[in-house]
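> just need the structure, nothing else, for what follows:
(2 chains)
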Protein chains: 2
Amino acid sequence: MIDQLMEKIEETRNPTLIGLDTTLALIPKELVEEYQGMGENPLEGTLEAILAFNKEIIRHIKEVVPAVKIQIAMYEQYGWQGIRVYQKTVEYAKEKGLLVIGDIKRGDILSTAEAYAAHIGRAPVNGGVVDSWGEDWVTVNPYFGTDGMLPFLQNCQKYKKGIFVLVKTSNPSGEEIQDLSCGDHKLYEIVGSLVEQWGENLKGRNGYSSVGAVVGATQPEQGARLRQQMPHTFFLVPGYGIQGGNGAWLKNYFDEEGRGAIIHSARAILSAHLDRRKYRWNQYGEAALAAAIKMKEEVVGCIR
Amino acid sequence: MIDQLMEKIEETRNPTLIGLDTTLALIPKELVEEYQGMGENPLEGTLEAILAFNKEIIRHIKEVVPAVKIQIAMYEQYGWQGIRVYQKTVEYAKEKGLLVIGDIKRGDILSTAEAYAAHIGRAPVNGGVVDSWGEDWVTVNPYFGTDGMLPFLQNCQKYKKGIFVLVKTSNPSGEEIQDLSCGDHKLYEIVGSLVEQWGENLKGRNGYSSVGAVVGATQPEQGARLRQQMPHTFFLVPGYGIQGGNGAWLKNYFDEEGRGAIIHSARAILSAHLDRRKYRWNQYGEAALAAAIKMKEEVVGCIR
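Numbering: from 1, shown residues only, chains lettered A, B, ... in the order given. Have a look, this model is predicted:
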C-alpha cells in the first residue's frame, strides 16, 4: 500500500491530503436548508447535506490530491446513520480514484483488535466473510502494544493495506503522556521505535513501510528527530493549519528527496467557501479546490 | 452516574458485569441457521442472529447483574449495519433496566473528541441536537492527555454519565508502553494520577467519581497499588476469565468495604451454553444466567 500512496503522490506531485472532517458548522447554511425536510427528521436532512457537501468537494479535488483522510468521529456522533454516510463518503472517494485514509484511531487488545482490523480486512458471516469498510489506510492507537497491532499488520500484508500509528499528536496536552521521559527517551520516541519494528516486513520499493506514523506538525524540531530515528516510516502530518507560517519548518518531516511524509489540512480547505468576498455559498467545491492548490504550492515550495 | 452504578451493584449485590462481546463463533450454529435467509444477504442474517442472542442473554441476566458492557468492535466489524445492532442492543439493555457501558475505547484531540463524546452527549443537527447513542458509560483512551478528555468530562457533568479511562489493559503486550518507567513511576501510574485529577469534580456520595479506570485483572499486585493510589477512582476490571484461579487476588481491586470495582467477564458467560452435557443449543440464556450467578458467587466470596 505504501507504494500505491507514494505513486499517487508522485503522479499528482502533491504531498498533501485533505481531511473530510465535515461538520455542520463548516457547510453552507443554504445547503443545509436545501436538504432540510429530506428524510424523516432533522438528522437525516443534516446527514444528506453533509454527504452532498463531501461529494462536491471530492469531485473538485480528485485530480489534485492523492488522498483524503476521513475523520470518522464527525460521522460517528450521529450513530449508525452517520457511519453510513462515512461509508458512502469512503466509497465515493474511492470511485473517484482517491486513496482513502480512515481516521479511526482504534486500538484494543488482541481479540478485539481483530474485529477493528476489519476496517482494512474482512469480517466473518455465516458461510463466508464480508468486506464492510474498504478504507485503504486507517489510523491506530498504540497504547496496547504489539499484540493489539498484530491483526492490523496481518491485514496490511494480506489485503495490501496500510496503517498510521499515533506517535505524536498535534494537540497541546498530548505532551502530558507522549512526552514523558522514560529513561533516555521520550515516550513518543519509544512508540516510534515500535512502529519501525512493526513495519519491518511491510516495506515497499522506496524503503518506506506500510506502517506509517501520525506525527503532528506542531513541534518541528521533534519532527526532524523522528524523521532521522524512523527512516522507514512514512509520516502523516496533521496540524499544518494550526502551525501556519511560511512553512520552512515543514522540510523537517520529509527526507532529502522530499519524500516520506504527507501533510494534512481539513478546516482551511473545507471552510474556504466562507470567504464571501470571493465565493458564493454554492461554490464550496471551487473554494476547496483553490485552497487545496494553494496548500500544495506552499508545501511543495517549502520542501524543494 | 457513579451513584447510580454503585446503587445498582448494592441492589443486585453483585459487583460483576457481563460483556456482550458477541461474535459468530460464540453463538449456537443452530441459531445462526435459523436466521440465515432473513434479510437480503448473509450479513443481515448473521446480524439478526447476533441481536436475537443478545436479547435472550439480556432477558435472562437482567435481574442478576447491574450492568452490561458492550464491545463495539464486535459490531463495528460489520460496518453501519453492525453499529445499528450495537445500538439496538444498548437500547434493549436499557429498556430492561440495565446500565450500559459502551466499550468504545475512543480518544482524539479536542475538536474530534467532542464528536466522540456524543456517545454520552448530543450531536448538532439543523435546528437542534440529537441523542444518537445513549450509553451510560463509555471507555476512553488517554493517549491525548487532558484536552482530549475534556469533552467527555463535560458530558459526564451535563448528562450525568460516566467514563472509564484505560489505565492498565489486560493483554500481555500492554506492558510495552503502559509499564515503561517514567522517572519514579510507571506510565500507567502517571495515567492513574491524571484519572484521579480528571474525576475531581465528578465525585458521588461514596467518594468515588464518575471518571473510572480500566485496570486489568492480570497483575493483582499492580491492582493493589493502584487501589491505594487512586482512592476516588472506580475500577472496571477485565481479564477475570484469563486469570482464573480461586480469585483471592480479586480483593486487591476493592476497598475495605468491598466497593470500588466491578469485575467483567464475557466469553465464559456467553459460551456457557457450549457445554452440551448440560445444555441444549437453545438454552444459551439459561446457561449464561447460571454462569453469571456462579461468577457473582465466586467474586462475592472472594471479597467478603
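> low-confidence ranges in the stretch 101-250 of chain A?
Applying pLDDT under 70 to the stretch 101-250 of chain A picks out residues A:242-246.
> strands of that one, start to end?
Using DSSP state E, counting those that start in this stretch, the strands of the stretch 101-250 of chain A run over residues A:123-125, A:128-130, A:137-140, A:162-168, A:181-182, A:185-186, A:211-215, A:235-237.
> check which helices and strands the third one is in contact with.
Read it as strand A:137-140. Judged by 3 or more CB pairs under 8 Å, 6 or more residues apart in numbering or on different chains; DSSP states H and E, strand A:137-140 is in contact with strand A:99-106, helix A:146-159, strand A:162-168. Every residue, glycine included, has its C-beta placed from N, CA and C.
> please name the nearest non-neighbouring residue to A:E298.
Once flanking residues are discounted, A:E298 sits nearest to A:G247: 5.6 Å by CB to CB, 6 or more residues apart in numbering or on different chains.
> residues near the one you found, how many?
18 (other CB atoms under 10 Å in any protein chain shown).
> kindly report the same for A:L17.
Number of residues near A:L17 (other CB under 10 Å) recorded here: 30.
> surely it is in a strand?
Yes: applying DSSP: H, G, I helix; E, B strand; the rest coil, one finds A:L17 inside a strand.
> tell me the contacts of it?
Applying CB atoms under 8 Å, 6 or more residues apart in numbering or on different chains, one finds that A:L17 lies in contact with A:65-69, A:101, A:262-264.
> now swap in A:T233 and tell me
A:T233 sits in contact with A:192, A:195-196, A:199, A:208-209, A:211-213, where contact means CB under 8 Å, 6+ apart.
> quick check: which element contains A:E30?
Assigning secondary structure by DSSP states H and E places A:E30 in helix A:29-35.
> could you identify the helix or strand that succeeds that helix?
helix A:42-61.
> give me the residues contacting that following helix.
For helix A:42-61, contacts defined as CB under 8 Å, 6+ apart pick out A:18, A:20, A:22, A:24, A:27, A:31-32, A:34-39, A:68, A:75, A:78, A:81-82, A:84-85, A:88-89, A:92-93, A:96, A:98, A:269-270, A:284-286, A:288-289, A:292, B:125-128, B:130, B:132.
> may I see the buried residues of that helix?
Residues of helix A:42-61 classed as buried by neighbour count (16 or more other CB atoms under 10 Å in any protein chain shown): A:42-58, A:60-61.
> same check, this time on stretch A:155-175
A:155-156, A:161-171, A:173-175.
> straight-line length of that stretch, end to end?
Using CA to CA, to the nearest Å, one end of stretch A:155-175 lies 31 Å from the other.
> quick one: is that stretch near chain B?
Yes: residues of stretch A:155-175 are located near chain B by CB under 8 Å from any CB of the partner chain, namely A:166, A:169-175.
> ok, now stretch A:20-27?
Yes: interface with chain B: stretch A:20-27 contributes A:21, A:23-25 (CB under 8 Å from any CB).
> from A:N155, how far out is the residue lying closest to A:R106 once chain neighbours are set aside?
Distances taken as CB to CB, 6+ apart place A:Y116 nearest to A:R106, at 4.2 Å, with adjacent residues excluded. Separation of A:Y116 from A:N155 (CB to CB, to the nearest Å) stands at 10 Å.
> now do A:V64
From A:V64 to A:N155 the distance is 29 Å (CB to CB).
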